[in-house]
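Asks: no sequence on this one, just coordinates:
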């Protein structure tokens, strides 16, 4: 079972920024397609962004975050980041990263077999 750890969440005012990290131990993240998902209370887990395995440029974004969020890899640190800017209250959720061996991205949580424990992001004034 792959072990993923998310970090970087917190409380931020509307319009602020946060950078989330997804790290792994014991395996190389670059060999996996990584997706960021979020789940707000009472709602289903939804896809936010995804980066293909062995790629730094093949990325997907949900329409709700395009132009505000950026996903990227740092292979030297075995980490995938989600840079979030211009945050809105509706971005408030627990954010999770998931890994899948398939090459293509997916916005479906069931397509990802390994998950971290999540990190809370709260956007509020």
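Replies: Yep, it's here. From a predicted model like this one, the values you see are computed outputs, not experimental measurements.

Asks: Show the residue spans covered by the strands in this protein.
Replies: With strands called from DSSP state E, the chain shows them at 4-7, 10-12, 18-24, 33-39, 46-51, 59-61, 69-74, 79-84, 93-100, 114-115, 119-123.

Asks: Looking at the ones you listed, which is nearest to residue 107?
Replies: Among the strands of the chain, the nearest to residue 107 by C-beta to C-beta is strand 46-51 (3.1 Å). In this view, the C-beta of every residue, glycine as well, is placed from N, C-alpha and C.

Asks: residues making contact with that closest one?
Replies: 33-39, 58-62, 65, 69, 71-73, 80, 82, 95, 105-109 (C-beta atoms under 8 Å, 6 or more residues apart in numbering).

Asks: Separate out the buried members of those residues.
Replies: Buried residues within the contacts of strand 46-51, counting neighbours by 16 or more other C-beta atoms under 10 Å: 33-38, 59-62, 65, 69, 71, 73, 80, 82, 95, 105-106, 109.

Asks: Without its sequence neighbours, what residue ends up closest to residue 7?
Replies: Sequence neighbours aside, residue 21 is the residue nearest to residue 7 in space, at 5.0 Å (criterion: C-beta to C-beta, 6 or more residues apart in numbering).

Asks: thinking again about what came up before, between the strands of the chain, which gets the lowest average pLDDT?
Replies: When the strands of the chain are compared by mean pLDDT, strand 114-115 comes last with a mean of 88.

Asks: Which strands or helices does that one pack on?
Replies: Packing partners of strand 114-115 (3 or more C-beta pairs under 8 Å, 6 or more residues apart in numbering; DSSP states H and E): strand 93-100.

Asks: So what pairs up with the most centrally placed residue in the chain in the strands?
Replies: Among the residues of the chain, the one closest to the centroid is residue 36, at 2.4 Å (C-alpha atoms, centre = their mean). Bridge pairing for residue 36 (DSSP bridges) gives the partners residue 49, residue 97.

Asks: Good, wrapping up.
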